[in-house]
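Trainee: Give me a 3D structure for the following:
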Amino acid sequence: MARSERKRTVTGWLFATPYTLLLMAFGLIPTVYAIYESFHSLAEPDKLSLANWELIFNDFRFWPAVTNVGIFLLVWLPVMIIGTLALALLLHEKVGRFSSGMRLIYFLPGAVTGSAAVLVWYFMLSPELSPFSKALEAMGIQSNNEMFTANHLAPIFALVAFMTGVGNWIVIMFGALQSVPHEILEAARVDGAGPIRIAVQVKLPLVSKYVAYMVILSFAFALQIFVEPQLFYSITNAGSTSWSLNQLSYALAFAQGDFGQAATVSVMLLALSAAAALWLVFRTKFFQTEVDE
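Mentor: Residues are numbered from 1 along each chain as shown. Down below sits the predicted model:
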């Protein structure tokens with residue numbers, strides 16, 4: 001091996017080592033321990049069993065939490081994917097000062113995340129506090145009790161998550177679209193393709209791996225939703241402390257002290273996220289390069 005190649009190899013390992021150590025310490029090792037805990041119940045801590053899994057599936061809070069997360073996923077994921085792609089494509093079609101300014105505007109709500117975002121959107125959606133109270137009243141919502149109900153929670157959480165996350169993804173997708181060769185776009189225009197056809201048949205296929213990456217992370221986020229339902233419940237008393245699966249896991253661990261059942265719910269979420277990610281990776285040939293082809 002040449003000296004320059006050895007130097008690049010050593011440099012690469014030096015950059016990768018800190019991340020690898022942190023990944024093992026706070027990612028891989030806790031995951032393995034969670035899997036171990038999921039097969040050890042409080043009743044028989046020294047014996048491998050499926051007791052925790054049986055208890056979870058029979059828990060009266062589990063299936064309602066699955067239903068809530070499923071509804072949230074069905075509402076939020078299409079809105080997030082379609083909304084991000086539509087806005088990114090529109091901005092890419094109009095490159096210039098307007099596009100730069102709009103990217104900044106879309107990105108700004110993402111600066112307010114977590115508990116701060118929940119408080120902001122509680123204020124915005126509360127008929128008693130919102131500057132848009134007249135619009136809410138026109139829709140027949142005149143009090144907090146009418147706004148923050150069980151039927152409204154999934155759309156509300158989808159709205160909060162979309163507004164706080166869409167800006168980051170627009171910037172990423174816009175950057176991906178910038179890599180589309182200009183010659184290909186010009187050739188499509190010469191052939192008579194309009195903006196919509198170019199967007200659907202030229203641009204999107206060329207950035208499909210970025211789209212798959214967004215879907216993978218967005219799906220994992222939806223399964224693990226926690227902050228929004230937890231804080232909205234503490235503010236409005238709407239929902240419950242087990243509205244989502246992550247909330248249920250938190251309640252099992254810190255309210256009941258049953259870390260085995262909490263680990264079981266966490267392992268379920270991990271398995272679902274990993275299965276969806278692997279399906280998309282192989283379905284879209286995510287890691288295939290031009291050299292492989």
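
Trainee: Would you mind pulling the contact partners of the helix or strand harbouring Leu204?
Mentor: Per DSSP states H and E: Leu204 is located in helix 204-206. Applying CB atoms under 8 Å, 6 or more residues apart in numbering, the contact partners of helix 204-206 are 85, 89, 179-180, 184, 211. Placement of C-beta: from N, CA and C, glycine included.

Trainee: mind redoing it with 7 Å?
Mentor: Val180 (CB atoms under 7 Å, 6 or more residues apart in numbering).

Trainee: same question, stretch 154-161
Mentor: Stretch 154-161 is touched from outside by 68, 71-72, 75-76, 79, 117-118, 121, 125, 225, 228-229, with contacts defined as CB under 7 Å, 6+ apart.

Trainee: related to what we said a few turns ago, could you give me the buried positions within the helix holding Leu204?
Mentor: Leu204 (16 or more other CB atoms under 10 Å).

Trainee: again with stretch 117-131
Mentor: For stretch 117-131, by 16+ other CB under 10 Å, it's 117-118, 121-122, 125-127, 130.

Trainee: Stretch 229-238 too?
Mentor: Buried residues in stretch 229-238 (16+ other CB under 10 Å): 229-233, 236, 238.

Trainee: Looking at these, which is nearest Ala43?
Mentor: Distance to Ala43, by CB to CB, is smallest for Gln230 among the buried residues of stretch 229-238, at 28.8 Å.

Trainee: any idea whether the closest residue to the closest one other than its chain neighbours is helix, strand or coil?
Mentor: Counting by CB to CB, 6 or more residues apart in numbering, Gln247 is the residue found nearest to Gln230 once chain neighbours are left out, at 5.8 Å. Three-state call for Gln247 (DSSP: H, G, I helix; E, B strand; the rest coil): helix.

Trainee: can you check the one 4 residues further on too?
Mentor: In terms of secondary structure, Ala251 is helix; the call rests on three-state DSSP.

Trainee: That one - how many residues pack around it?
Mentor: Ala251: 19 surrounding residues under other CB atoms under 10 Å.

Trainee: surely it meets Thr241?
Mentor: Yes - look at Ala251 against Thr241 with CB atoms under 7 Å: they come within range, at 5.1 Å.

Trainee: Which strands or helices does the helix or strand of the chain with the lowest mean pLDDT pack on?
Mentor: One helix or strand of the chain scores below all others by mean pLDDT, DSSP states H and E: helix 97-107, with a mean of 74. In terms of contacts (3 or more CB pairs under 7 Å, 6 or more residues apart in numbering; DSSP states H and E), helix 97-107 is packed against helix 62-93, helix 150-178.

Trainee: Now tabulate the ones you listed in a markdown table and tack on mean neighbour count, mean pLDDT and distance to Gly257.
Mentor: A markdown table is the format used below for these (neighbours: other CB atoms under 10 Å; pLDDT from 0 to 100; distance: least, CB to CB, whole Å):
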| stretch | mean neighbour count | mean pLDDT | distance to Gly257 |
| --- | --- | --- | --- |
| helix 62-93 | 18 | 92 | 18 |
| helix 150-178 | 19 | 88 | 28 |
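
Trainee: so where does Gln142 fall, helix or strand?
Mentor: For Gln142, there is no helix or strand it lies in under DSSP H and E.

Trainee: That one - nearest residue in space that isn't next to it in sequence?
Mentor: Nearest residue to Gln142, sequence neighbours excluded (CB to CB, 6+ apart): Pro127, at 5.5 Å.

Trainee: so the one you found, which of the three states?
Mentor: Strictly by three-state DSSP, Pro127 counts as coil.

Trainee: Show the contacting residues for it.
Mentor: 133, 136-137, 141-144, 147.

Trainee: now, the most widely separated pair of these?
Mentor: Pairwise distances across the contacts of Pro127 peak at 12.8 Å for Glu137 and Asn144 (criterion: CB to CB).

Trainee: So for the two, which sits in the more crowded spot?
Mentor: Each of Glu137 and Asn144 has its neighbours counted (other CB under 10 Å); Asn144 has more, 18 against 13.

Trainee: wait, the more buried one sits on Glu128?
Mentor: Yes - if you go by CB under 7 Å, Asn144 and Glu128 touch, sitting 6.0 Å apart.

Trainee: Need the residues touching each of the two.
Mentor: With CB under 7 Å, 6+ apart as the test, Asn144 and Glu128 reach no residue in common.

Trainee: which outside residues touch whichever helix or strand comes after the helix holding Leu204?
Mentor: On the C-terminal side of helix 204-206, the closest following helix or strand by DSSP H and E is helix 208-223. For helix 208-223, the external contacting residues (CB under 7 Å, 6+ apart) are 69, 72-73, 76-77, 80-81, 84-85, 169, 172-173, 176, 245, 269, 272-273, 276-277, 280, 284, 286.
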